[in-house]
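# This is a predicted model, with the sequence first.
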Amino acid sequence: VQLQASGGGVVPPGGSLRLSCAASGFPLDHYAVGWFRQAPGKEREGVSCISRDDDATRYADSAKGRFTISRDNSMDTAYLQMNDLKPEDTAVYYCGASEVVIPTRQSHYEFWGQGTQVTVSS
């Protein structure tokens, strides 16, 4: 049972990245998926989540209008499209899988990926 987060990198302010969260060993369509991030010296915070049936999403205020969460259950993969990136988006991004319908808290998650680094810098 594993979640693999990927797609991070170094981009200039205003750039875009698409993060992927691939599940192996279990059917991702049984779980809601969320993205969290942790910047140096800060606590991990929620960014976005999507229900298992792709009929509901939630975004942190910092992500609204810039980030889009989606999923492809046929591929056991979820995504986080991040546009108009800002230096304050710099963090390690983690994906998680949860049986909670709309899992907004870290305690809601049963599985976590290993994290992917996003750095926004000119």
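Thanks, I have it. Numbering: from 1, shown residues only.

# Of all residues in this protein, which one is nearest the centre?
Taking CA atoms, centre = their mean, the centroid of the chain lies closest to residue 35, which sits 2.6 Å from it.

# ranges for the strands of this protein?
2-6, 9-11, 17-24, 32-38, 45-50, 57-59, 67-72, 77-82, 91-98, 109-112, 116-120 (DSSP state E).

# ok, now which ones touch residue 92?
The contact partners of residue 92, by CB atoms under 8 Å, 6 or more residues apart in numbering, come to 8, 37-39, 115-118. C-beta coordinates here come from the backbone N, C-alpha and C atoms, glycine included.

# Output the strands of the chain in JSON lines; the columns should cover mean pLDDT.
Formatted as JSON lines, these follow (pLDDT from 0 to 100):
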{"stretch": "strand 2-6", "mean pLDDT": "96"}
{"stretch": "strand 9-11", "mean pLDDT": "98"}
{"stretch": "strand 17-24", "mean pLDDT": "97"}
{"stretch": "strand 32-38", "mean pLDDT": "98"}
{"stretch": "strand 45-50", "mean pLDDT": "98"}
{"stretch": "strand 57-59", "mean pLDDT": "97"}
{"stretch": "strand 67-72", "mean pLDDT": "98"}
{"stretch": "strand 77-82", "mean pLDDT": "98"}
{"stretch": "strand 91-98", "mean pLDDT": "98"}
{"stretch": "strand 109-112", "mean pLDDT": "95"}
{"stretch": "strand 116-120", "mean pLDDT": "98"}
